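Undergrad: Just to be clear, the model below is a prediction. Sequence and coordinates:
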Amino acid sequence: MANAIELSGINKIYGTAIQTQVLFDIDLAFEEQSFNSIIGQSGSGKSTLMNIMGTLDRPTSGTVMIGGIQTSNMTKNDLAVVRNETIGFIFQFHYLLPEFTALENVLMPYLIKHNKPTAEVRERADELMELVGRSKVKNNKATEMSGGQQQRPALARALIMTPRIILADAPPGNLDSDTTEIIYDILRQVNGQFKTTFIIITHDRKIAEKADRIVEIRDGRISLDVTRPMI
């Protein structure tokens, strides 16, 4: 199967007068439709790696291929299109816009590009809210929802543009264990139903072990790369 994301020789250095290297010669590829986790302690470089994979940051050296397309020479506008159409992001702290309803937040990636949603897109947003189990609160503003309730519209928002790739930064956050299980069941359902590639960034090994493949980052280098056998 083709690769959704392919990283070759990725190095990342911050600073000029005083330089700090965060990533060292990372070679890594993730197949389309796969369900993966990247684990590492705080400061290991995993979030920097996620930002580079998501084209939110550029590597100091090395190449990033998304869907077989080289991103190194793309303009900021081109990269913004890639993020909008190809990659969905789930952040730990949700980042729902408080002045908008849950449904409006779900539609936001589409509105950024098209200004006004079509009836078909509105229907898809409703279906996604149903999928994540939050259709009853779709007209509630973000400030009227708990952290657990906000997590699910954030997932629906990541899916509204039908991205081929989802990058998730510790998506359960500080949720209780039961809610965490529900969220991951939904992620698995999306992976199976829409064939979306998932890459989940976490420092929790129990969460990482829910994935089919575990990549561990330690001190900016890959220290472990294990694929679970299919049962």
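TA: Yep, that arrived.
Undergrad: From the rest of the structure, what touches the longest helix along the chain?
TA: With secondary structure taken from DSSP state H, the chain has its longest helix at helix 177-194. Helix 177-194 has contacts (C-beta atoms under 8 Å, 6 or more residues apart in numbering) with 33, 35, 131-133, 148, 151-152, 155, 159, 162, 166, 168, 171-172, 175, 196, 198, 200, 207, 210. Glycine gets a C-beta too; all of them are placed from N, C-alpha and C.
Undergrad: Give me the subset of these lying in helices.
TA: Using DSSP H, these in helices are Leu131, Gly148, Gln151, Arg152, Leu155, Leu159, Ile207.
Undergrad: what's the pLDDT at Leu7?
TA: Reported pLDDT at Leu7 in the predicted model: 97.
Undergrad: quick one, what contacts it?
TA: Applying C-beta under 8 Å, 6+ apart, we find Leu7 in contact with Ile26, Asp27, Leu28, Ala29, Leu49, Ile52, Met53, Gly62, Thr63, Val64, Met65.
Undergrad: mind checking the SS state of it?
TA: Of the three states, Leu7 takes strand under DSSP: H, G, I helix; E, B strand; the rest coil.
Undergrad: Just give me the residue closest to the centre of this structure.
TA: Residue closest to the average C-alpha location in the chain (C-alpha atoms, centre = their mean): Leu167, at 1.5 Å.
Undergrad: Next, count neighbours for the nearest residue to it once chain neighbours are set aside.
TA: Spatial nearest neighbour of Leu167, chain neighbours left out: Gly54 (5.0 Å); criterion: C-beta to C-beta, 6 or more residues apart in numbering. Neighbour count of Gly54, defined by other C-beta atoms under 10 Å: 22.
Undergrad: where does Gly54 fall, phi/psi-wise?
TA: Per-residue torsions, Gly54: phi -90, psi 10 (degrees, to the nearest 10).
Undergrad: ok, now how distant is it from Asn140?
TA: 28 Å (C-beta to C-beta, to the nearest Å).
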